[in-house]
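Asker: predicted model and sequence follow; I will ask about them next.
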Amino acid sequence: MTDIEAMKNAHDVKGLIRLLDHDKHNIQWRAADALGTLGEMACDPLLKLLVFPRENVRIGAIEALGDIKSPRSVEPLIQTLAKDKSNEVRWVAALALGEIGESRAIPALVRALNEEDRYVRFGSAKALEQIGWSAETDQELAYYYIALQEWNAVKKMGNAATVALIDMLKEDHPAIRTQIVEILGSIRSIEAKRACERVLRDPDADVRWLGVLLSKRCGMPTSHLPIGLSKRPQTGPNRFGATLLNFFFVGLGYDYLGKWWGLLVLEIYLMLVLLGQLRFGAFLTFVILFPIMALFATQTYYMAKRESLLAG
Amino acid sequence: MVTFSSLFGKKKADIERLTAAKDISGLIRALHSSDMQTQSEVAKALGSLGPAAMDELIRALKKKDKENQLVIIQALIEIRDPRSVPVLIESLKDENSEVRWEAAIALGEIGDPRAIDPLILSLRDPDKYARYGAAFSLFKMGWKPPNDVEKAFLFVGMQEWKAVRLIGDSAIPALTHILHDQHSNVRIKAVEILGELKSTQAIPALIQSLADKDSEVRWEAVLASPKCGIKLMHLPRGLSRRPKVTKNPLIAGFLNFVLPGLGYAYLAKWWGVMIYEIDIFGTILLFQYLGEEFSYEALLPIYLLLAIHAYYLAIKMPKDPP
């Protein structure tokens, strides 16, 4: 532990960088903090790490850059915010840009407000706050409030927030989509009507139900709702696939449908095939087994059909 | 005389007869019924026998049969004999959470002051139902928490979140305790309140929650952390410590080489087993038509390809979203 302190005093940038990938998170953390105190001299080696393959190292380097606040790191961090594959890395890059506080970063941060990842959005909004940004258009403001999940503020914006709300329906988390649909329902604008079709097709059953309520409020004729709802993605397993599988590999179709005993049936079937081949030879075995396979396949088809109907 | 019909349908009549005959062990045997109605009738019947039934009930309670234990404790509540307090206190440590819950309720009903200290310990039970039972029993017995920390445990047990909030910093130990609750909604509530306390003392607990296994708890921790003075910049690293399901590419590759297809199964592809079966059949056929040596020559390159494919598939697997 005292090691880090000594390395910091000796300005051992290389040694500290190596600790960024240490097994213990605590040490990674302290190493990043120590690097942050070293100032400009650590800046160049750290900037090189922005493309390092290990996520932990990238996060640590960006943390340190956020402490150093060198204007030279703004451009590379904007690149990272736009392009890095890891959500955490993009998030920390947004926060670091906020720490550095240069207004050059504003366009990139505003773009990140409608990112798919809620953490990156949240970080970008906080960073913009730190830089002292104020929204130029209503739409930017709406994205900003959505990123912070300030739902009341979004609601107050009313119609001006509709476009941003509809765009953010792309969010992965059903809880957030639920919020968005509820607000759209309270706004009741004509634009919100455009979102109805999309909400009715939502993969989440609860959001779809809210979509039904929203559509009624937006004045969509009730008779159109079932058609809209029927357009939802059929997420369940494909029943023809299950049937075919159970025809050729009796049991595997059940496994595909998520029955734990599917593989058990498969093993029993294979044993029978082996025993049958030893006793009757290959041809006769398959003649005997063929009707059984067909039987299993038919049963699977109806089972999958019943289950998909129950799933609604 | 034993008639065929007497073998069936005797359960109902039995309870009255057994009660009249004060046949306690017979009643305890009747507990084995899976029907809740019968069970509660038996509990009432046992209760009506009063203190006379105590010894047998206590003996039966020690046998640790979950269904029986619950009904016996109900009977003990009816009897309200102080002799049952020690054994009920013992049941507060039972491995089954419903038994712990029921025992906590029983101790509150009996109201013996000997139960207070063990119930205070039960406020720290890992199960929310057991905590809830203990908190209400203590409340019922008129227990006054000696300090704010204990008071917080009491209110957390009752899930009186508003009251917990008002306690302030002293609630942190109780809230930290339930960060290990198995229900994510309890953990979310704890994190939310920790954030509202706006206290630096909550930092270690929140940092722990940033790495929670549930994504909604993590998100709540992100919202709460800055309020308690955790630097925003530190959040991403905290979150990156979360448990991740990662598949080892080497294992996937090796499995696919030795048992072609099972490497895919290891990567949770449902068709892995199918490829495995196809390989077995294919190999048998090849052995028959090409002979052993040729089969291996033909199959080895395929196995190698499958191994490399599984290896790359494992590397390219999408990571869990934060």
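Answerer: Thanks, I have the structure now.

Asker: mind naming the longest helix for chain A?
Answerer: Across chain A, the longest stretch assigned as helix under DSSP state H is helix A:282-311.

Asker: report the residue ranges of every domain in the chain.
Answerer: I'll assume chain A. Residue ranges for the domains of chain A, per automatic domain parsing: A:2-108, A:151-230, A:239-311.

Asker: wrong one, I was asking about chain B
Answerer: If you go by automatic domain parsing, chain B breaks into B:9-79, B:155-240, B:249-316.

Asker: I'd like the ones you listed laid out as JSON lines, including mean neighbour count, distance to B:Ser137 and mean pLDDT.
Answerer: For glycine as for every other residue, the C-beta is placed from the backbone atoms N, C-alpha and C. Shown next, in JSON lines, are those (neighbours: other CB atoms under 10 Å in any protein chain shown; distance: least, CB to CB, whole Å; pLDDT from 0 to 100):
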{"stretch": "domain B:9-79", "mean neighbour count": "17", "distance to B:Ser137": "11", "mean pLDDT": "77"}
{"stretch": "domain B:155-240", "mean neighbour count": "20", "distance to B:Ser137": "10", "mean pLDDT": "92"}
{"stretch": "domain B:249-316", "mean neighbour count": "16", "distance to B:Ser137": "46", "mean pLDDT": "86"}
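
Asker: want to throw those into TSV with distance to chain A?
Answerer: Output for those, formatted as TSV (distance: least, CB to the nearest CB, whole Å):
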stretch	distance to chain A
domain B:9-79	25
domain B:155-240	4
domain B:249-316	5
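
Asker: now render these as JSON lines, adding distance to B:Ile89.
Answerer: As requested, these are exported to JSON lines (distance: least, CB to CB, whole Å):
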{"stretch": "domain B:9-79", "distance to B:Ile89": "12"}
{"stretch": "domain B:155-240", "distance to B:Ile89": "17"}
{"stretch": "domain B:249-316", "distance to B:Ile89": "47"}
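
Asker: against chain B, how distant is A:Val207?
Answerer: 16 Å (CB to the nearest CB, to the nearest Å).

Asker: for the nearest residue to that residue once chain neighbours are set aside, give me its contacts.
Answerer: Nearest residue to A:Val207, sequence neighbours excluded (CB to CB, 6 or more residues apart in numbering or on different chains): A:Arg177, at 5.0 Å. Applying CB atoms under 8 Å, 6 or more residues apart in numbering or on different chains, we find A:Arg177 in contact with A:169, A:171, A:199, A:202, A:204, A:207.

Asker: just say helix, strand or coil for B:Asp94.
Answerer: When classified by DSSP: H, G, I helix; E, B strand; the rest coil, B:Asp94 comes out as coil.

Asker: and the pLDDT for the nearest residue to it once chain neighbours are set aside?
Answerer: Spatial nearest neighbour of B:Asp94, excluding adjacent residues (CB to CB, 6+ apart): B:Arg100 at 5.3 Å. You'll see B:Arg100 listed with a pLDDT of 94.

Asker: where does B:Leu267 fall, phi/psi-wise?
Answerer: Dihedral pair for B:Leu267: phi -80, psi 10, per degrees, to the nearest 10.

Asker: hmm, it is touching B:Met317, no?
Answerer: Yes. Counting by CB atoms under 8 Å, B:Leu267 does reach B:Met317; the two are 6.8 Å apart.

Asker: which residues do these two both contact?
Answerer: Common contact partners of B:Leu267 and B:Met317 (CB under 8 Å, 6+ apart): B:Lys247.

Asker: ok, back up a step: tell me what the longest helix of chain A is packed against?
Answerer: helix A:239-248, helix A:252-256, helix A:262-280 (3 or more CB pairs under 8 Å, 6 or more residues apart in numbering or on different chains; DSSP states H and E).

Asker: out of the ones you listed, nearest to chain B?
Answerer: helix A:252-256 (5.4 Å; CB to the nearest CB).

Asker: re earlier: distance-wise, check the residue nearest to A:Val207 relative to chain B.
Answerer: Distance from A:Arg177 to chain B, by CB to the nearest CB: 14 Å.

Asker: look at B:Lys93 and say how many residues are nearby.
Answerer: Per other CB atoms under 10 Å in any protein chain shown, the neighbour tally for B:Lys93 reads 13.

Asker: so what's it up against?
Answerer: Taking CB under 8 Å, 6+ apart, one finds B:Arg100 in contact with B:Lys93.

Asker: what's the most buried one of the domains of chain A?
Answerer: Highest mean neighbour count of those: domain A:2-108, a mean of 19 (counted as mean count of other CB atoms under 10 Å in any protein chain shown).

Asker: could you see whether chain B lies near it?
Answerer: Yes. For domain A:2-108, a contact with chain B is found by CB under 8 Å from any CB of the partner chain, at A:25, A:28-29, A:32, A:55-56, A:59-60, A:63, A:66-67, A:86-89, A:91-92, A:95-96, A:98-99.

Asker: quick one: mean pLDDT over that domain.
Answerer: In this model, domain A:2-108 has a mean pLDDT of 89.

Asker: which residues of the stretch 151-300 of chain A lie near chain B?
Answerer: Counting by CB under 8 Å from any CB, the stretch 151-300 of chain A sits next to chain B at A:172-173, A:175, A:245, A:249, A:252, A:255-256, A:263, A:266, A:270.
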